[in-house]
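A.B. asks: Take a look and give me a structure for this.
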Amino acid sequence: MLVAAAVCPCPPLLVPEVAAGAAPELDTARAACLDAVGVLAASRPDLLVVVGPGEGRVHPGGGRGSFRGFGVDLDVTLGEPDPAVRVPPLPDSLAVGAWLLGRARWAAAPVDGLAVDERRSAGECAKAGAEAAGRAGRVALLVMGDGSACRTLKAPGYLDERAAPFDARATAALGSADLAALDALDETLAYELKAAGRAPWQLLSGAAHGAGLVGRLLYEDAPYGVGYTVAAWS
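C.D. replies: Okay, the predicted model is just below:
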């Protein structure tokens, strides 16, 4: 059963070494993310599953990620490594999640990862969420995902007037744990707006059905023209 969830953005720029001189610009977002992870630890889960956009596969604990592709000599590990088990490299979203857990000195429960294909339908995401919530008696989710990437002229996806209303709906739903509103996020529109968080958010909704969790918005902004939301559910 799902007992808590944290929603965080997943840009590699969240890692100060990657952001370099621009790192202070995301200090408030990082602090909010750490607060959200603290809510997860306080829930005393039996298992933490880190969810983020990716290739659509399970990443057992011990998976390694790297930020070398961003010019930084920094590697991270998701959970405790097991030398006897070969695991695939982490996608960027889960690598950022692993970095965040390392920053928070996570030791509350074993950790697994789940990369969600952004093309999965809302129904498929909901089913995957229900399965994740049933993996242990007390499950927590760290849900990594960005909103639209089309909020300004200099955004990765250029300016799209539909981006701000989409992000507003998503942020309101995430901040209030509104499952129906999350389920209703338009898959095609999210894809067109490069909102990589849509599938992970709808997976969270599927995991949270029947859990009675209450949401709290911790941060919302669009630095670099990309929508970032941090929320905690408990």
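
A.B. asks: just for the protein, where's the confidence low?
C.D. replies: 84 (pLDDT under 70).

A.B. asks: Please, where are all the strands along it?
C.D. replies: 2-8, 47-53, 57-59, 63-66, 75-78, 111-116, 139-144, 215-221, 228-233 (DSSP state E).

A.B. asks: With respect to residue 181, which of these lies nearest?
C.D. replies: Of all the strands of the chain, strand 215-221 sits nearest to residue 181, with 10.8 Å by CB to CB. From N, CA and C alone the C-beta is placed, and that goes for glycine too.

A.B. asks: close enough to count as contact, residue 127 and residue 206?
C.D. replies: Yes: assessed by CB atoms under 8 Å, residue 127 is found in contact with residue 206 at 6.3 Å.

A.B. asks: Could you check which of these two is surrounded by more residues?
C.D. replies: residue 206 (23 against 14; other CB atoms under 10 Å).

A.B. asks: Show the contacting residues for residue 178.
C.D. replies: Contacts for residue 178 were tallied using CB atoms under 8 Å, 6 or more residues apart in numbering; they are 172, 215.

A.B. asks: Now with 7 Å, please.
C.D. replies: Residues counted as contacts of residue 178 (CB atoms under 7 Å, 6 or more residues apart in numbering) are residue 172.

A.B. asks: just the one 3 residues further on next, same as before
C.D. replies: With contacts taken as CB under 7 Å, 6+ apart, residue 181 has the following neighbours: 169, 172-173.
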